[in-house]
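Q: this one's sequence-less:
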C-alpha cells in the first residue's frame, strides 16, 4: 500500500470562504495492472475527519473529493507504466510523443465503483479501473503496416489460427549472465535467437484493435476443454494455434520473448501465418504473478513533471467545469443557474449589483467576485465567455452599451483575481434576451445578470 500526499483546495472552502485554507489529505493508494484482463485497477481512500468532513452531510463532498483527486493520484502510476523494454509512459511524455493532457483525459474516463465507507465510518474508499487499450491507442499512430521479413528459404508449415508463446518460467536473459521472468508491457517485440526481429508494433494493423498481444497466465491454456483454452483466448487464437516455447528473454527490462529460428520460420513461411501477426492474434503466456494484478509502483520522478492538478475541463460525463459550478451554486448569496448547453456549461449569475446605470460593482459585491474567481481557478485550461444582460426599460441603445461595459468590467475583476486575460471573451446583449417578465421588479432583477459560459 502506497502513501500519497496531495494538496488541494477543498470544496468546503467555497462553502465557508471566511475559513478558506489549503488542506492536506493523505490518500492511501494501491495500483495494479491486470495484464491478462487488459486493465489497470486500483483503489484510494482517505480519512473523513482529516478532510474536515462529517457524515451524513459530508458524504457528497467526500465522494466529490475522491472524484476530483483521481487525476492527480493516477498521474505517477500512469507515468510508470512500461511501454516497451526501455521506455515508460514518462519517457514518452518527456519526448513529446504524448501529452499530460491526453493522460488526464484517460484518467477522467476511468471506470469508478461507488465510494464505500469503512465499518467505523471513518474512511471513504473509491475503486477505479482503466483499460490498457485507452493508453496503447494513443501510441498506435502508424499509417502503414510494415511486413515481417520474408525468409529466403521457407520451411514447410501449416496455416494456424493464432500464435501462443509460452514464457512462464525463468528464462536466460540475452546478453547477460542472469535469468528472469518475462515482464509485461504495452508493446513487446518478438525475436529469434539469431536476433532477427520477428514482430513489433509497426507490423500490427491498428485497424484490428489496440493491443498487439494478449497476455495470459499458464492456467488459461490448460483448461479441461477440447482446445485447453479459456473462451476469451479461443476467440482470439482459434482452435488450432501454433504453440511455441520461448528460449530466452531480451531487453533492458526483459519484456521480449526470444524464440527458436525454426519456430520463427514456421510463422514467416506462410502468408496466412504472417497475417496473424498483423491482426494481433498473439498470446504471451507469463508467470501468473506478472499478469494477474501485478503491483505498479509510482514513477519515482513524477514530482518533477508538470502536474495536471484538478483540471475539470473536458469531462465526458459531466462536461467541463461542472463540479466548480455545482460548488458555486451552494455558496450563500450567489443566485446562480447551471445550464448545460452545446458550447459547454452556462453559469447564469443573477442579481449582480452594479451602481445605477454604471458598469461599477457595488462594494459589497467583492465577496461574490472572490468566490466566483476561486471556482473558475479550478478550471485551468478552458476559455470563458462572459455575457452581460440588462432589464429592458425602453432604452435599447443605452442598455446594449451598458451590458457590454458590465461584461467587460466582470472580466477585469476576474483578471485582477489571477485569471489570465487571454482566457476571456465578452459581449453584451442589452435587454434583448430576457429570462423573466420585465413588467415586475422581481422579473427585472432576474434579467439583470451576467452569464459565464465555460466553453468546451
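A: Good, I have the coordinates. These numbers come from a predicted model, not from an experiment. Numbering: from 1, shown residues only.

Q: hey, let's count contacts and neighbours off CA atoms from now on
A: Fine.

Q: what about the helices in the stretch 151-300 of the chain?
A: 231-237, 261-268, 271-278, 288-291 (DSSP state H, counting those that start in this stretch).

Q: would you turn those into CSV with mean pLDDT, mean neighbour count and distance to residue 175?
A: Listed next are those as CSV, based on pLDDT from 0 to 100; neighbours: other Cα atoms under 10 Å; distance: least, Cα to Cα, whole Å:
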stretch, mean pLDDT, mean neighbour count, distance to residue 175
helix 231-237, 94, 17, 31
helix 261-268, 96, 20, 17
helix 271-278, 95, 19, 26
helix 288-291, 92, 19, 22
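
Q: ok, residue 244 touching residue 164?
A: Yes. Taking contacts as Cα atoms under 8 Å, residue 244 lies within contact range of residue 164: 6.1 Å.

Q: so those two - more neighbours on which side?
A: Neighbour tally, residue 244 and residue 164, criterion other Cα atoms under 10 Å: the higher count belongs to residue 164, 23 against 16.

Q: which residues touch that one?
A: Neighbour list for residue 164: 237, 241, 242, 243, 244, 282, 283, 284, 285 [criterion: Cα atoms under 8 Å, 6 or more residues apart in numbering].

Q: strands - which of those land there?
A: Using DSSP state E, the members of the contacts of residue 164 that fall in strands are 242, 243, 244, 282, 283, 284, 285.

Q: low pLDDT regions in the chain?
A: Flagging of the chain using pLDDT under 70 yields the residue ranges 1-24, 299-345, 350-351, 378, 380, 456.

Q: tell me what the lengthiest helix in it is packed against?
A: The helix that spans the most residues within the chain, counting by DSSP state H, is helix 58-80. For helix 58-80, the packing partners by 3 or more Cα pairs under 8 Å, 6 or more residues apart in numbering; DSSP states H and E come out as strand 2-8, helix 89-95, helix 100-108, strand 123-131.

Q: tell me, how many residues neighbour residue 401?
A: Residue 401 has 16 neighbours, counted by other Cα under 10 Å.

Q: count of neighbours near the closest residue to residue 360 other than its chain neighbours?
A: Distances taken as Cα to Cα, 6 or more residues apart in numbering put residue 354 closest to residue 360, at 5.3 Å, once the chain neighbours are dropped. Counted with other Cα under 10 Å, residues neighbouring residue 354 total 15.

Q: what's the answer for the one 4 residues further on, then?
A: Other residues near residue 358 number 11, with proximity taken as other Cα under 10 Å.

Q: follow-up on the earlier one: what inclination does the longest helix of the chain have with respect to strand 123-131?
A: Interaxial angle, helix 58-80 versus strand 123-131 (axes from the mean of the first three to the mean of the last three Cα atoms, to 10 degrees): 40 degrees.

Q: after helix 58-80 comes which helix or strand?
A: Going down the chain from helix 58-80, the next helix or strand is strand 82-84, by DSSP states H and E.

Q: name the residues that touch that following strand?
A: Identification of contacts with strand 82-84 by Cα under 8 Å, 6+ apart yields 88, 89, 184, 185, 186, 187, 188, 255.

Q: domain ranges for this structure?
A: Following automatic domain parsing, the chain resolves into domains at 2-140+296-304, 163-291, 322-455.

Q: quick one: the ones you listed as CSV, columns for distance to residue 146 too.
A: Output for these, formatted as CSV (distance: least, Cα to Cα, whole Å):
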stretch, distance to residue 146
domain 2-140+296-304, 13
domain 163-291, 5
domain 322-455, 38
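
Q: got TSV for the helices and strands packed on helix 58-80, with distance to residue 32 too?
A: Converted to TSV, these look like this (distance: least, Cα to Cα, whole Å):
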stretch	distance to residue 32
strand 2-8	11
helix 89-95	16
helix 100-108	15
strand 123-131	10
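
Q: right, so of the ones you listed, which gets closest to residue 397?
A: Smallest distance to residue 397 across these (Cα to Cα): 44.0 Å, for helix 100-108.

Q: what residues does residue 236 make contact with?
A: Contacts for residue 236 (Cα under 8 Å, 6+ apart) come out as 162, 281, 282.

Q: now with 6 Å?
A: Taking Cα atoms under 6 Å, 6 or more residues apart in numbering, we find residue 236 in contact with residue 281.

Q: from residue 71, how far out is it?
A: 33 Å (Cα to Cα, to the nearest Å).

Q: same check, this time on residue 83
A: Noted for residue 83: a distance of 20 Å to residue 71, by Cα to Cα.

Q: and the two? Which one has more around it.
A: Between residue 83 and residue 71, counting by other Cα under 10 Å, residue 71 is the more crowded of the two (25 against 22).

Q: that one against residue 107, yeah?
A: Yes. Assessed by Cα atoms under 6 Å, residue 71 is found in contact with residue 107 at 5.4 Å.

Q: can you report phi and psi for residue 419?
A: Phi and psi for residue 419, reported as degrees, to the nearest 10, are phi -100, psi 130.

Q: can you tell me the closest non-neighbouring residue to it?
A: Nearest residue to residue 419, sequence neighbours excluded (Cα to Cα, 6+ apart): residue 377, at 6.9 Å.

Q: count of neighbours near the one you found?
A: Around residue 377 there are 18 other residues, counting by other Cα under 10 Å.

Q: quick one on the thing from earlier: relative to residue 152, which of the domains of the chain is closest?
A: The closest of the domains of the chain to residue 152 is domain 163-291. By Cα to Cα, the value is 9.2 Å.

Q: span of that closest one from start to end?
A: In domain 163-291, first residue to last residue: 18 Å (Cα to Cα).

Q: and what of stretch 202-219?
A: Separation of the first and last residues of stretch 202-219 by Cα to Cα is 30 Å.

Q: and the contacts of it?
A: Stretch 202-219 has contacts (Cα under 6 Å, 6+ apart) with 35-36, 133, 137, 145-147, 278-280, 282-286, 288.

Q: next, count neighbours for the closest residue to residue 154 other than its chain neighbours.
A: Nearest non-adjacent residue to residue 154, counting by Cα to Cα, 6+ apart: residue 269, 4.9 Å away. Residue 269 has 21 neighbours, counted by other Cα under 10 Å.

Q: now the one 10 residues further on
A: The number of residues packed near residue 279 is 20, by other Cα under 10 Å.

Q: cool, residue 117 as well?
A: A count of nearby residues for residue 117, using other Cα under 10 Å, gives 14.

Q: can you check residue 436 too?
A: 15.

Q: ok, it - contacts?
A: residue 443.

Q: quick one: secondary structure of it?
A: Under DSSP: H, G, I helix; E, B strand; the rest coil, residue 436 falls in the coil class.

Q: again, but for the one 10 residues further on
A: Under three-state DSSP, the three-state class of residue 446 is helix.

Q: can you give me the neighbour number for residue 210?
A: 20.

Q: kindly provide the distance from it to residue 280.
A: Taking Cα to Cα as the measure, residue 210 falls 9 Å from residue 280.

Q: what of residue 400?
A: Where residue 280 is concerned, residue 400 sits at a distance of 62 Å (Cα to Cα).
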